[in-house]
Structures are given as structure tokens and as C-alpha cells.
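Chemist: sequence first, predicted model second:
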Amino acid sequence: MGQAIETTAKIVLIVEDEPIIRLMAISLAEDEGFTVYDAQDADEAIAILEDHPEIRIVFTDIHMAGTMDGLQLAAFAHDRWPPLRFLIVSGELRPASHEMPAGACFFSKPYDSAAIGRALHSLL
């Protein structure tokens, strides 16, 4: 018969303003079998989300240059695209659970790659 069709799209948007860290996160997500889009700030991320409704997870740093930080991006995207899930990271602060969308995961930098991989899969 035919091949089984995967019902959950493994597509993530990585939002990180530090190019080296963004490339490492991209590699990590691709190694976990995800299709990856990437952005350097919230404005670019919103444009990508508008063009790619198939994105399921937003993996964002909190502190970024631009008009919004990662928490503001997560709040905006959650309100506009409620099915999105969020993986939020920071090397500077740990947000309270009420500061993040329901169900979001948080990791402090430097983060453990294996833990991030597991979190990406658990958010699907």
C-alpha cells in the first residue's frame, strides 16, 4: 500500500540575533529531523510566520535587537497563531511562567542540546 503520512509537521522557526548561536540552533533542529526557518529578530520572524502557516514551533531567544524581545514575540505570535508552541531561551533571565504563553518551554543558556531536542519533539 502507500506510505504512512506524518500527521505532525516538524517545522520550527528559530529566532536568534547572534549568528553563531542561530547556526548552532539550526543544526541542532535539523539533526532532530525538523525543517527550519530562521530569523534574526522579531520583525523578520513575524514576516516568516505570515508566509509559512505550516510552522509549528517558535524557538526564540529573549534578548534580541529590534522592536520586540522574544517574550513579546511569543505573546504576539501566540495571540495571532494560537496553535504555535514556543521554546524560549535566555542567558540573562528566567521568566515567570505567566510571562510566557501556556505550554512554553524555557531553557537557560548555555543549554543542553539533547534537552532542546527532546523539548522540540515534546512540543509537537
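Modeler: Here it is on my side, so go on.

Chemist: by contact count, what packs against the strand or helix carrying I21?
Modeler: Taking DSSP states H and E as the criterion, I21 maps to helix 19-31. Under the contact definition 3 or more Cβ pairs under 8 Å, 6 or more residues apart in numbering; DSSP states H and E, helix 19-31 sits against strand 11-15, strand 35-39, strand 57-61, helix 113-123. Where C-beta positions appear, they are placed from N, C-alpha and C, glycine not excepted.

Chemist: kindly recompute the last result at 6 Å.
Modeler: strand 11-15, strand 35-39 (3 or more Cβ pairs under 6 Å, 6 or more residues apart in numbering; DSSP states H and E).

Chemist: what's across from the residue nearest the centre of the chain in the sheet?
Modeler: For the chain, the residue whose C-alpha lies nearest the mean C-alpha position (Cα atoms, centre = their mean) is F59; its distance is 1.5 Å. For F59, the beta-bridge partners are I14, L87 (DSSP bridges).

Chemist: thinking again about what came up before, got a list of contacts for the helix holding I21?
Modeler: V12, I14, E16, V36, D38, S113, I116 (Cβ atoms under 6 Å, 6 or more residues apart in numbering).

Chemist: where in the chain is pLDDT low?
Modeler: Counting by pLDDT under 70, the ranges of the chain that qualify are 1-8.

Chemist: circling back to that earlier point, of all the helices and strands packed on helix 19-31, which one comes closest to C105?
Modeler: strand 11-15 (12.3 Å; Cβ to Cβ).

Chemist: so which other helices or strands are in contact with that closest one?
Modeler: Counting by 3+ Cβ pairs under 6 Å, 6+ apart, strand 11-15 packs on helix 19-31, strand 35-39, strand 57-61.

Chemist: now do 7 Å
Modeler: helix 19-31, strand 35-39, helix 42-51, strand 57-61 (3 or more Cβ pairs under 7 Å, 6 or more residues apart in numbering; DSSP states H and E).
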